[in-house]
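**Student:** no sequence for this one, just the structure:
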């Protein structure tokens, strides 16, 4: 199946994670988004499952008439989009095998999800809230879990899922740390992630690929000085300048849901095929917009940061930060949408004096990734450091 999917060479994460997991060790991996980490845990886990065959399901006790799913591998992910992506990959790589992959997440029909897992579920990808709900309904047991994966663990904690994660791992019927393999993946490694690793992993190997929280040198970063009222016209210039027939996709980040809608409407009015995605969209609308974007029918997507975190969209050749975030880590996540899996990409950011909170961090990041630094940015960075000490530049 790996061959069918045209995977020839492992990415750096896979090169290390596959033998670590195959050797039976727990793993805490810090890797940039787009580094091939999904394959980094799916390949070795599926390989082990195929080698050892299915695990018998315990006899059902008690009065409950409902059938319970007993997954052997549980993958927790922060968002429905990321969970769906992992499920897609797991189906692809377990094709024609006994391993049945299922996915469950909030915001979709729970009845339909229950019917699906009732038909058999060996590898379950889930968002924490929905899984807790299914366990409370007596539809899922974690007693057979041999592999636990926490993907984008830092993001799950940011979203407030720690109580649900701790409940699933420590309070339900999941085997203890001695009797399962646990893998954690995270783009950053703050203190709360270190504590989670200490509690959930045993004798683990820490793997860091690239600087933790850094940007890829495959991405050319361009910083443009643009006042707020000029952003639309500069964006049009950039889009007009892209070569015709270029099959690449352009992802544009804005700060608010309202801006996502108004900017995509504006682009449509200028004859650019655009779509948008944000948190107020229904699940169906989001999936449709993503599908239009991925397939290239709408090669321009305007997105809010929350809606796009963790999305794996191949062929994004250009990321535009129309509104810069206030936090440099968010910027790193955004531009990590391009230059994925070894491809090259361009990231353009619109910046003006309103962004002075992030200017110095941005300058450091550009230096570290060996990017070209415009002279005016150095001047602004100096201004912003004076400004912070003398009451505003």
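**Tutor:** Nice, thanks for sending it over. Keep in mind the model is a prediction, meaning the values are calculated, not measured. Residues are numbered from 1 along each chain as shown.
**Student:** Flag every buried residue along the helix or strand containing residue 198.
**Tutor:** Per DSSP states H and E: residue 198 is located in helix 191-200. Judged by neighbour count using 16 or more other CB atoms under 10 Å, the buried positions of helix 191-200 are 193, 196-197, 200. Every C-beta, even on glycine, is put in place using the N, C-alpha and C of the backbone.
**Student:** ok, now stretch 227-246?
**Tutor:** Going by 16+ other CB under 10 Å, stretch 227-246 has these buried residues: 231-232, 234-235, 238-239.
**Student:** Also stretch 110-127?
**Tutor:** 113-114, 117, 120-127.
**Student:** So which elements touch the helix or strand following the helix holding residue 198?
**Tutor:** Using DSSP H and E, the next helix or strand after helix 191-200 towards the C-terminus is strand 205-209. The helices and strands touching strand 205-209, judged by 3 or more CB pairs under 8 Å, 6 or more residues apart in numbering; DSSP states H and E, are helix 12-22, strand 27-31.
**Student:** how about the buried residues of stretch 110-127, which pair is most distant?
**Tutor:** Comparing all pairs in the buried residues of stretch 110-127 by CB to CB, the longest separation belongs to 120 and 127, at 20.7 Å.
**Student:** returning to what we had before: now the helix holding residue 198: mean pLDDT?
**Tutor:** Helix 191-200 shows an average pLDDT of 88 in the prediction.
**Student:** so what does that helix touch, helix or strand wise?
**Tutor:** strand 147-150, helix 153-158, helix 162-166, strand 181-186.
**Student:** hmm, try it at 6 Å
**Tutor:** Other elements packing on helix 191-200 under the criterion 3 or more CB pairs under 6 Å, 6 or more residues apart in numbering; DSSP states H and E are helix 153-158, strand 181-186.
**Student:** what's the nearest residue to residue 286 if we skip its chain neighbours?
**Tutor:** Nearest residue to residue 286 in three dimensions, chain neighbours excluded: residue 277, at 5.5 Å (CB to CB, 6 or more residues apart in numbering).
**Student:** these two touch, right, that neighbour and residue 303?
**Tutor:** Yes. Using CB atoms under 6 Å, residue 277 is in contact with residue 303, at 4.9 Å.
**Student:** Check which helix or strand residue 287 maps to.
**Tutor:** Here residue 287 is assigned to helix 283-294, by DSSP H and E.
**Student:** so after that helix, what's the next helix or strand?
**Tutor:** strand 300-304.
**Student:** Give me the contact list for that following strand.
**Tutor:** Residues from elsewhere that reach strand 300-304 (CB atoms under 6 Å, 6 or more residues apart in numbering): 250-253, 257, 260, 263-264, 272, 274-278, 293.
**Student:** chain center to it, what's the gap?
**Tutor:** How far strand 300-304 lies from its chain's middle: 16 Å, per CA atoms, centre = their mean, to the nearest Å.
**Student:** cool, stretch 176-191 as well?
**Tutor:** Worked out by CA atoms, centre = their mean, stretch 176-191 lies 16 Å from the chain centre.
**Student:** quick revisit: and the buried residues of stretch 110-127, which of them are in helices?
**Tutor:** 113-114, 117 (DSSP state H).
**Student:** ok, so of those, who is nearest residue 73?
**Tutor:** Among those, and counting by CB to CB, the member closest to residue 73 is residue 117, at 13.5 Å.
**Student:** Can you give me the separation between the closest residue to residue 19 other than its chain neighbours and residue 325?
**Tutor:** Take residue 19 and drop its neighbours on the chain: the residue closest to it by CB to CB, 6+ apart is residue 44, 7.9 Å away. Residue 44 sits 35 Å away from residue 325, going by CB to CB, to the nearest Å.
**Student:** of the two, who's got more company?
**Tutor:** Just comparing residue 44 and residue 325: by other CB atoms under 10 Å the higher neighbour count belongs to residue 44, 22 against 19.
**Student:** Next up, the contacts around that one.
**Tutor:** Counting by CB under 6 Å, 6+ apart, residue 44 has contacts 18, 21-22.
**Student:** Surely residue 90 is in contact with residue 124?
**Tutor:** No. With contacts counted by CB under 6 Å, residue 90 stays clear of residue 124, the gap being 9.5 Å.
**Student:** From residue 155, how far out is residue 49?
**Tutor:** 26 Å.
**Student:** Closest one of the buried residues of stretch 110-127 to residue 136?
**Tutor:** Closest to residue 136, out of all of the buried residues of stretch 110-127 and judged by CB to CB, is residue 114, at 12.4 Å.
**Student:** Quick check: closest non-adjacent residue to that closest one.
**Tutor:** residue 139 (5.5 Å).
**Student:** One more: residue 367?
**Tutor:** residue 373 (6.8 Å).
**Student:** pretty sure that neighbour contacts residue 366?
**Tutor:** Yes. With contacts counted by CB under 6 Å, residue 373 reaches residue 366, the gap being 5.3 Å.
**Student:** Select, out of the helices and strands packed on strand 205-209, the one closest to residue 206.
**Tutor:** Taking the helices and strands packed on strand 205-209 one by one with CB to CB, strand 27-31 is closest: 5.1 Å.
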